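Peer 1: give me coordinates for this.
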Amino acid sequence: MSDQESWPVKVFIYDISKGMARSLSRTFLGKHIEGVWHTGIVVYGEEFYFGGTGGIEACSPGGTVLGQPDSIVDLGNTQIPYEVFLGYLNDLSQSSFRPSCYHLLDHNCNTFSSELAQFLTGNDIPSYITALPGEVLSTPLGQMLKPWIDAMSVNPSGGHALFPAGNSPVSQNVPPTNTFLTETSSKQGTGAGSQPSGSQQQAAPTGATSQSPTGSQGSDSPGNLSVDSERESRELEPIIYQEERPSKKPYLDDLRDKLSAKEVSLVSDIYDYLETSSPSWSLCREHVQTIHTVIGDGRMGDQLRGQICVLLQDLVLIEDFIELLQNEPTKLIYSVLLHFKELTEKVQMSLLKVLTNCASFETGHRFLTDPEGEEQSNLKLLCPDVCVGGLLHEDQEVFSKASSLVYNLCRYQVHNHYNLCRYQIPEDTQVEIGSAILECLQKDLPEITAYNLMTSLLQLMRSNEEMCDLAGVVGMNCSAHQKLSPRLRNLCEEAQTMTAL
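Peer 2: Sure thing, here's the model as predicted:
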């Protein structure tokens, strides 16, 4: 693609009330609403939108039953190739924008348009569109109609599903099992229904030696990764913690003195959900709120809080649960990150394992690191308070768990070639994490910790030339680390080659 090749990106805006909202909203809602909006993104000569029946669909611009748009907003141009864009849509169609993910207020066509707009151009659709659900729900009538609204969907006819069921890879609740690094080699979980082993010894990444970049790939400049190097990045195994869940009955008995009968019943539901293979039902916001109550109440004690974290470790490996976390009002993960430094070291270690699991696959990684959208971004707290704070923590167990989290976060620096604009860690955050890694590498470290940190550093160096310069100035203590194992020697050799360019 030449540097000049680009495509205009527009958002088509439709008032599906056909003017009735403007005329009647004050009478029924007590406030004026200009319209009830449906949007589609027009790019590459097609209009793309999300509905509750067909999922991600496409049509000619203005080609649905809604006719021509009421207004059009120019979002700018994109230079992303069409094939890459389709690959990105395919990813979304299997994760956060499956037809079953549709919700008229919380996750709708406008959510999709916002996602696409920012991916293609870095610009968002008009805020009056994305703010509309909150305006409606803030009214008494909106609250009264919410149960009815929850069951509704909008899917304008006239388009065709881009990824019909059966024509694209089947959506999974969790990543493929062959990408798991477990705390034991004897059992690997597959999401809801799995029973992890009780071992708490962290294993080394499987196939790690073959993952170490070769010296020939060290000649690629940062941000211009070779095909071989990008492939090897995709093959990096994630770190996933799996522990034996606390026995159900004794744990529920311990909680009865602390929680209401309803809350204990909700914890029991979580056990049932995790122990059922392919459950036909989903957890809801009340279940998340109960987890939040246990973790957030210091009077629970470290044992009860740590045990609920073991359940949460398994839950965050399930895509449907991540989608629930994205929409639930208590902002469980954000709240945990906000108060992380106030927690005891035992609870911190439990939560570091939760966050590491969450970052082990793409949907969870996006949830943790997406810097766009809400002002209360998880990333704003994750980097300084948890990653950097954990790496520099004086307790070696906290430090070790933080290195695992950083490893999973950095895997995606050159992992997903579809997401060119989003979901990679911003450059200033990369430097902040990279500086902490370099400080840690000056120490004598266990082999597994040194491997995690050196791998993370290389991922950052491949995508950020500033990190190469910084590593060259500060040094990486390679003379000590390369003696620990052949795989570390390979990593050190590539890192030294990159800093010498």
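Peer 1: how many neighbours does residue 31 have?
Peer 2: Applying other Cβ atoms under 10 Å, we find 12 residues neighbouring residue 31. (C-beta placed from N, C-alpha, C; glycine too.)
Peer 1: name the SS class of it, please.
Peer 2: Following DSSP: H, G, I helix; E, B strand; the rest coil, the label given to residue 31 is coil.
Peer 1: in this structure, what spans have low per-residue confidence?
Peer 2: Low-confidence segments of the chain, defined by pLDDT under 70, are located at 1-4, 25-26, 28-29, 52, 134, 136-159, 163-235, 371-376, 414-424, 501.
Peer 1: how is it divided into domains?
Peer 2: Using automatic domain parsing, the domain parsing of the chain gives 7-161, 172-203+239-358, 207-238+360-501.
Peer 1: residues in contact with residue 124?
Peer 2: Neighbouring residues of residue 124 by Cβ atoms under 8 Å, 6 or more residues apart in numbering: 114, 117-118, 130, 372.
Peer 1: I meant residue 297, not that one.
Peer 2: Listed by Cβ under 8 Å, 6+ apart, the contact set of residue 297 reads residue 258.
Peer 1: for residue 74, see how far away residue 369 is.
Peer 2: Distance, residue 369 to residue 74, using Cβ to Cβ, to the nearest Å: 29 Å.
Peer 1: should've said residue 36
Peer 2: Distance of residue 36 to residue 74, given as Cβ to Cβ: 23 Å.
Peer 1: hmm, back to that, quick one: which of residue 369 and residue 74 has more around it?
Peer 2: residue 369 (21 against 11).
Peer 1: isn't that one up against residue 430?
Peer 2: No - with contact defined as Cβ atoms under 8 Å, residue 369 and residue 430 do not form a contacting pair (11.0 Å).
Peer 1: re the thing from before, any idea which of the contacts of residue 124 is closest to residue 346?
Peer 2: Relative to residue 346, the closest of the contacts of residue 124 is residue 372; by Cβ to Cβ it sits at 33.8 Å.
Peer 1: output the contacting helices and strands for whichever helix or strand residue 448 is part of.
Peer 2: Taking DSSP states H and E as the criterion, residue 448 maps to helix 447-463. If you count contacts as 3 or more Cβ pairs under 8 Å, 6 or more residues apart in numbering; DSSP states H and E, helix 447-463 packs onto helix 227-234, helix 396-411, helix 427-441, helix 465-474, helix 486-500.
Peer 1: and residue 11, which of those is closest to it?
Peer 2: Closest approach to residue 11 among the helices and strands packed on helix 447-463 (Cβ to Cβ): helix 427-441, 27.8 Å.
Peer 1: how far out from the middle of the chain is the helix holding residue 448?
Peer 2: Between the centre of helix 447-463 and the centre of its host chain there is 21 Å, according to Cα atoms, centre = their mean, to the nearest Å.
Peer 1: and that helix, which residues are buried?
Peer 2: For helix 447-463, the buried set under the neighbour-count rule, 16 or more other Cβ atoms under 10 Å, comprises 448-463.
Peer 1: same deal with stretch 76-86?
Peer 2: Buried residues in stretch 76-86, defined by neighbour count with 16+ other Cβ under 10 Å: 78, 80, 85.
Peer 1: centre of the chain to it, how far?
Peer 2: Worked out by Cα atoms, centre = their mean, stretch 76-86 lies 22 Å from the chain centre.
Peer 1: that stretch: end-to-end distance?
Peer 2: 19 Å (Cα to Cα, to the nearest Å).
Peer 1: repeat that for stretch 10-20.
Peer 2: Across stretch 10-20, the terminal residues are separated by 25 Å (Cα to Cα).
Peer 1: hang on, residue 43 packs against residue 8?
Peer 2: Yes - in this structure residue 43 lies within contact range of residue 8 using Cβ under 8 Å: 7.2 Å.
Peer 1: between these two, who's got more neighbours?
Peer 2: Remark: of residue 43 and residue 8, residue 43 carries more neighbours, 24 against 13, as counted by other Cβ under 10 Å.
Peer 1: returning to what we had before: next, the angle from the helix holding residue 448 to helix 396-411.
Peer 2: Computed with axes from the mean of the first three to the mean of the last three Cα atoms, to 10 degrees, the direction of helix 447-463 lies at 30 degrees from that of helix 396-411.
Peer 1: and which of the buried residues of stretch 76-86 is nearest to residue 57?
Peer 2: Distance to residue 57 across these (Cβ to Cβ) is lowest for residue 85, with 14.9 Å.
Peer 1: show me the contacts for that closest one.
Peer 2: Taking Cβ under 8 Å, 6+ apart, we find residue 85 in contact with 43-44, 78, 120.
Peer 1: farthest pair in those?
Peer 2: 44 and 120 (9.8 Å).
Peer 1: with neighbour numbers in mind, choose between these two.
Peer 2: Between residue 44 and residue 120, residue 120 has the larger neighbour count (other Cβ under 10 Å), namely 23 against 18.
Peer 1: helix or strand for that one, which one?
Peer 2: Assigned by DSSP H and E, residue 120 belongs to helix 109-121.
Peer 1: next one: that helix to chain centre, how far?
Peer 2: Distance of helix 109-121 from the chain centroid (Cα atoms, centre = their mean) equals 16 Å.
Peer 1: residues in contact with it?
Peer 2: Here helix 109-121 makes contact (Cβ under 8 Å, 6+ apart) with 9, 11, 37-41, 43, 48-51, 56, 75-78, 80, 85, 88, 92, 97, 123-125, 129-130, 132, 154, 372-373, 419-422.
Peer 1: just the buried residues of those.
Peer 2: 9, 11, 37-41, 43, 48-51, 56, 75, 78, 80, 85, 88, 92, 97, 124-125, 129-130, 132, 154, 419-420, 422.
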